[in-house]
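> Here you go, sequence then predicted model.
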Amino acid sequence: MNNEIIIPKHVGIIMDGNGRWAQERGLARTVGHKTAIATLKELCIYMADLGVKYASLYAFSTENFKRDSKEVDFIMNLFIKVFNKEFDFIKEKKIKVLFSGRREPLPSNVLKAMDKIVEETKNNTELVLNICLNYGSHAEIVDTTKKLCNMYKNGEIKIEDINDEFIQKNLYHDLPPLDFVIRTSGEMRLSNFMMFQASYAEFYFPKVYFPDFTKEEFDKAIEIFNNRDRRFGGIK
Ligand code: FPP
């Protein structure tokens, strides 16, 4: 990729299609989730090298708890394993990990692994990896509204203090707006992912399932992003 290419500052990835990837190969859905980890690792290293500053990953939605409990248990154990062991490259690439989402009802061993990786990477200065786990945009807006109401009740803020910027700062994390949202597997939905942050994002829906979303696929995505005409509501 040459230097004239614009690299989006904040990329959101809805990692969809792990189950279908496996099922189409006659494999258990869990194999798809496992394979997704290798894809994700390659992608994070690539994004860090390209100079993406923030990447938000939709790892598990508040709604994903409705899945078969065996699959949910498998995914939770996979998270523990990944956050504890397989993320060595995170330290090497100076990636800072954050989590967005509700802690309830995540199992305590998952929370422990999450807290550990956040603590260990808190001083890192390169790519910020915002992992949306037990995340939902509606839940985030509800939680932020409650936080602001409490601040008001305690006399910490006035009604006039509330504006776009103030709301952004009081979401789960104060992140810049999403520039680019990629959802793999061809589904064209936001599915409760970072609705406030995605208000002016460009969207891209590649047909490949997430386990096949390689560096080459990311290059294609960046090319598509570069061909978009972003006007943010204005006229050129
Ligand atoms: C999406 O595919 C996958 C999930 C909702 C589960 C968990 C995500 C991962 C294992 C990716 C790794 C994430 C981190 C941060 C370690 P799907 O099961 O919805 O696929 P389908 O639509 O084909 O059923």
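That came through fine. Residues are numbered from 1 along each chain as shown.
> mind checking which helix or strand Met194 is in?
Counting by DSSP states H and E, there is no helix or strand that carries Met194.
> What residues sit buried inside the helix or strand of the chain with the lowest mean pLDDT?
The weakest-scoring helix or strand in the chain, judged by mean pLDDT, DSSP states H and E, is helix 88-92 (a mean of 87). Within helix 88-92, the residues that count as buried by 16 or more other Cβ atoms under 10 Å are Ile90. Where you see a C-beta, it was placed from the backbone N, CA and C, and this is true even at glycine.
> Can it be said to contact the ligand?
No - figure legend: helix 88-92 not in contact with the ligand (Cβ under 6 Å from any ligand atom); closest approach 11.1 Å.
> Name the next helix or strand downstream of that helix, please.
Per DSSP H and E, the first helix or strand lying C-terminal to helix 88-92 is strand 96-100.
> What's the first helix or strand after that next one?
Scanning forward in sequence from strand 96-100 by DSSP H and E, the next helix or strand is helix 108-121.
> Show me the contact partners of the next helix or strand after that next one.
Using DSSP H and E, the helix or strand that follows helix 108-121 in sequence is strand 128-135. With contact meaning Cβ atoms under 8 Å, 6 or more residues apart in numbering, strand 128-135 is reached by 44, 53-62, 65, 79, 90, 95-106, 114, 172-173, 175, 193-194.
> Strand 128-135: partners in the sheet, and parallel or antiparallel?
Looking at strand 128-135 with DSSP bridges, its partner strands are strand 54-61 (parallel), strand 96-100 (parallel).
> List the buried residues for the longest helix that the chain contains?
Ranked by residue count under DSSP state H, the longest helix found in the chain is helix 29-50. Applying a neighbour-count criterion of 16+ other Cβ under 10 Å, the buried positions in helix 29-50 are 29-37, 39-41, 43-45, 47-48, 50.
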